[in-house]
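S.K.: pasting the structure only:
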């Protein structure tokens, strides 16, 4: 579960050198109108706000990495481990949410690192089995 009280200050964005096709300012925040986005499938339970990652003109030529915190205590209360976490990216070409690759889960730091293929929207979630 995303740790709401930690906010975006604990989010780490890693854009590899040369991954932007030009100059631009990268902006990271939360979506104010996430209700206007396509619905997540019913088996996906968001654990926090929908994130927005955008640029004012540059495009990504290779994936960026996002490292974000999760609430280990809340997972424990649900009798779940960090392996229940997933990150979903809104694929604007398909107008559908797609699960992205988890690169690393650090249970000691309670963080999850994922690859994001392009600028857009994403959300940390639990997958209900």
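M.R.: Here it is on my side, so go on. Quantities reported herein were computed from a predicted structural model and do not represent experimental measurements.

S.K.: pLDDT below threshold where in the protein?
M.R.: 1-9, 129 (pLDDT under 70).

S.K.: in its sheet, what does the strand or helix carrying residue 69 sit against?
M.R.: When elements are defined using DSSP states H and E, residue 69 is found to belong to strand 64-69. Each strand that strand 64-69 pairs with, and the sense of that pairing, follows from DSSP bridges: strand 12-14 (antiparallel), strand 111-116 (antiparallel).

S.K.: Can you pull out the residues in contact with that strand?
M.R.: 2-3, 6, 10-16, 19, 51, 53, 87, 103, 109-116, 122, 124 (CB atoms under 8 Å, 6 or more residues apart in numbering). The way it works is simple: take the backbone N, C-alpha and C, and place the C-beta from them, glycine included.

S.K.: in the protein, which spans are strands?
M.R.: Along the chain, the stretches classed as strands by DSSP state E are 12-14, 26-30, 44-46, 51-55, 64-69, 85-91, 96-99, 102-106, 111-116, 120-127.

S.K.: Dump those to CSV, plus distance to residue 36.
M.R.: As requested, the strands of the chain are arranged in CSV below (distance: least, CB to CB, whole Å):
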stretch, distance to residue 36
strand 12-14, 24
strand 26-30, 14
strand 44-46, 15
strand 51-55, 12
strand 64-69, 22
strand 85-91, 11
strand 96-99, 14
strand 102-106, 27
strand 111-116, 20
strand 120-127, 10
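
S.K.: Generate JSON lines for those, with mean neighbour count and distance to residue 79 as supplementary columns.
M.R.: Output for the strands of the chain, formatted as JSON lines (neighbours: other CB atoms under 10 Å; distance: least, CB to CB, whole Å):
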{"stretch": "strand 12-14", "mean neighbour count": "13", "distance to residue 79": "28"}
{"stretch": "strand 26-30", "mean neighbour count": "13", "distance to residue 79": "28"}
{"stretch": "strand 44-46", "mean neighbour count": "16", "distance to residue 79": "14"}
{"stretch": "strand 51-55", "mean neighbour count": "19", "distance to residue 79": "26"}
{"stretch": "strand 64-69", "mean neighbour count": "20", "distance to residue 79": "20"}
{"stretch": "strand 85-91", "mean neighbour count": "20", "distance to residue 79": "14"}
{"stretch": "strand 96-99", "mean neighbour count": "15", "distance to residue 79": "22"}
{"stretch": "strand 102-106", "mean neighbour count": "14", "distance to residue 79": "17"}
{"stretch": "strand 111-116", "mean neighbour count": "20", "distance to residue 79": "19"}
{"stretch": "strand 120-127", "mean neighbour count": "20", "distance to residue 79": "12"}
